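Student: Coordinates for the following, if possible.
(one chain, ligands or ions: 1)
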Amino acid sequence: MAPSEGKKLNGATTTTTPTPSPPTQPPKKSPNDFIFGKVIGEGSFSTVYLAKDIHTGKEYAIKVCEKHHIIRERKTVHVKREKDVLNLLTHSSFYAARPGSNFFLKLSSTFQDLERLYFVLTYAKNGELLPYINKVGSFDVECTRFYSGEILVALEHLHRLNIIHRDLKPENILLDENMHILIGDFGSSKILNQGPPSPPSSQTNNTANDTDDDNSSPPPSSNPMQAPRERRRNSFVGTAQYVSPELLSDKTASPASDLWALGCIVYQMISGLPPFRSRSEYIIFQKILKLEYEFPNGFSPLARDLVEKLLVLDPSQRLGAQDLAASPRYDSIRSHPFYKGIDFDTLHKRTPPTIY
Ligand SMILES: O=C(O)[C@@H]1CCC(=O)N(CCc2ccc(Cl)cc2)[C@H]1c1ccccc1Cl
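Tutor: The predicted structure is shown next:
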C-alpha cells in the first residue's frame, strides 16, 4: 500500500506507511462460547473442564488457569511457553504431514478474562495411559511395542521442532477416542535454540539452559559450592520417577532427556512400576544418579536390552542420541530387535492392540 502523505502543523510534509491489516484471525472466543461440563483434570494452578462449543457442538478440554495462582506459583514463564509450544505443534507446517504430528493435543484457541487464562484443547476421550497400565498390572509385549512406538514417533516430531518435553510420563500421555496417544502438558517443555537439532554431547551445545522462574526446589547439586545463580538457573526438575540424571546434576536438558523418560516408560509398561522408586523423592534422585534399578524376573529380555540402552547416565551415549543430527527418525531405536516387525510410520493408522 503506498505510504500516505500527512501534513504537520508547521507545514512540513510527513509520510506514514499505514500498518497493513493483520491476517484474518478468527474472532477471539470467550467463556460464553462454551458450555462448561465436568472437571476432567486438576493442576497446581489449573483446572481442565470438558466443554462444548455452543456454535459447533464440538467437545473440547478447556484448561483454565487462575492468574493469581500462576503468579503465586511463579509459573508465568511456563504458561507462556506452554502456549508457544502448543501453537508450534498445532500450526507448524514443518513436517505437518509427518505421522508424529498426530500424537499431540492440539490448541484450538486461547483467550483470557480478568482472573483466568483459557486454553481450548483437544478432548482426549480415553484419558491418561497410566490407569490402563495400572488396571492390567502391566502391558504385554505387543501393547508395549505399539504404545512405546507411538511415543517414539511423537518424540521424533517434537525433537525435529527443537522442542523437548522434559516431563514425559504416563500421566501426560493421553488417549483419543480410537486409543491412539495424544501427548499433553507442555508447561515444562523447552524450545531449544533454533537450528537443526545437534546430537547432545558432553559439552552443552544446542541444549536448553533453563531460566525458568519456577518454584521447584533446586536439585541436589553435584557441586555444593555451585553459585546460587547457577542453581537457580537450572531449578527446573520434572517428575521424580522420570527425571533424567543430567537434569539432577545441574546440567542442561537435551532431547536425550526425553529418551531417558522413554526408557522409564518402557520399563513401567512391562513391569507395572517405574524403575526408580522410593517414598522419598530425594532417594529416587540418588538412585537415578547411581543408576540403581533392577529388572524383575520374567522381564522380556529384548525389552530389557532396550531399557538398558536408554537408561544410560551420559545423555550422548543413550540409544538414538546421535540419530537426529543425520536423520528425521530415531533409526537406532527403531531398528532395535524389540521393535522387529513394527512399521512405525503407519502406527497412527492402525487399530491399537486391545489392552488386557
Ligand atoms: O502469550 C500470549 O500468547 C498471550 C498474549 C496476551 C496475553 O496477555 N497473554 C496472557 C499473559 C499472562 C500470563 C500469565 C498471567 Cl498470570 C497473566 C497474563 C497471553 C495468553 C493469553 C491467553 C491464554 C494464554 C496466554 Cl499465555
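Student: Val85 and Ile163 touch, don't they?
Tutor: Yes - in this structure, Val85 sits in contact with Ile163. The criterion is C-beta atoms under 8 Å, and the distance is 5.7 Å. Where you see a C-beta, it was placed from the backbone N, CA and C, and this is true even at glycine.
Student: what's the overlap in contacts for the two?
Tutor: With C-beta atoms under 8 Å, 6 or more residues apart in numbering applied, the overlap between the contact sets of Val85 and Ile163 consists of 186, 189, 191.
Student: gap between the closest residue to the first one other than its chain neighbours and Gln322?
Tutor: On the basis of C-beta to C-beta, 6 or more residues apart in numbering, the spatially nearest residue to Phe186 that is not a chain neighbour turns out to be Val85, at 4.1 Å. In this structure, Val85 and Gln322 are 25 Å apart, going by C-beta to C-beta, to the nearest Å.
Student: Just after the lowest-mean-pLDDT helix or strand in the chain, pick out the following helix or strand.
Tutor: When the helices and strands of the chain are scored by mean pLDDT, DSSP states H and E, helix 228-233 comes last with a mean of 43. Using DSSP states H and E, the helix or strand that directly follows helix 228-233 along the chain is helix 245-248.
Student: Quick one: distance of the helix or strand following that following helix to the chain centre.
Tutor: Beyond helix 245-248 in the direction of the C-terminus, DSSP H and E gives the next helix or strand as helix 255-271. Centre-to-centre, helix 255-271 and its host chain are 13 Å apart (C-alpha atoms, centre = their mean, to the nearest Å).
Student: Keeping just the C-alphas, turn helix 255-271 into PDB.
Tutor: As requested, the backbone C-alpha atoms of helix 255-271 are provided in PDB (Å, rounded to 0.1, in the frame of the first residue of the first chain):
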ATOM      1  CA  PRO A 255      16.300 -34.300  23.500                       C
ATOM      2  CA  ALA A 256      18.100 -37.300  25.100                       C
ATOM      3  CA  SER A 257      16.400 -36.300  28.400                       C
ATOM      4  CA  ASP A 258      13.100 -37.400  26.800                       C
ATOM      5  CA  LEU A 259      14.800 -40.700  25.700                       C
ATOM      6  CA  TRP A 260      15.600 -41.400  29.300                       C
ATOM      7  CA  ALA A 261      11.900 -40.900  30.200                       C
ATOM      8  CA  LEU A 262      11.000 -43.300  27.300                       C
ATOM      9  CA  GLY A 263      13.300 -45.900  28.900                       C
ATOM     10  CA  CYS A 264      11.500 -45.500  32.200                       C
ATOM     11  CA  ILE A 265       8.100 -45.700  30.500                       C
ATOM     12  CA  VAL A 266       9.000 -48.900  28.600                       C
ATOM     13  CA  TYR A 267      10.200 -50.400  31.900                       C
ATOM     14  CA  GLN A 268       6.900 -49.400  33.600                       C
ATOM     15  CA  MET A 269       4.800 -50.800  30.700                       C
ATOM     16  CA  ILE A 270       6.400 -54.200  31.000                       C
ATOM     17  CA  SER A 271       6.700 -54.400  34.800                       C
END
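Student: Residues contacting the next helix or strand after it, please?
Tutor: Past helix 255-271, heading to the C-terminal end, the next element that is a helix or strand (DSSP H and E) is helix 281-289. Identification of contacts with helix 281-289 by C-beta under 8 Å, 6+ apart yields 219-220, 222, 240-241, 243-245, 248-249, 276-278, 292-293, 313.
Student: one more time with 6 Å
Tutor: With contacts defined as C-beta atoms under 6 Å, 6 or more residues apart in numbering, helix 281-289 is touched by 240, 245, 248, 276, 278.
Student: I'd like to know which of those residues are buried.
Tutor: By neighbour count, with 16 or more other C-beta atoms under 10 Å, the contacts of helix 281-289 hold 240, 245, 248, 276 as buried.
Student: Report the buried residues of the helix ranked longest in the chain.
Tutor: As far as residue count goes, and with DSSP state H defining each element, the longest helix of the chain is helix 141-160. Counting neighbours by 16+ other C-beta under 10 Å, one finds that the buried residues in helix 141-160 are 143-160.
Student: need the residues of this structure near the ligand, please.
Tutor: With the criterion set to C-beta under 6 Å from any ligand atom, the chain comes near the ligand through 67, 70-71, 76, 79-80, 83, 110-112, 117.
Student: Helix, strand, or coil at Ser101?
Tutor: The local conformation at Ser101, judged by DSSP: H, G, I helix; E, B strand; the rest coil, is helix.
Student: switch to numbering from 8
Tutor: All set: I'll call the first residue 8, so the last point we hit is now Ser108.
Student: dump the residue contacts of it.
Tutor: Listed by C-beta under 6 Å, 6+ apart, the contact partners of Ser108 are His164.
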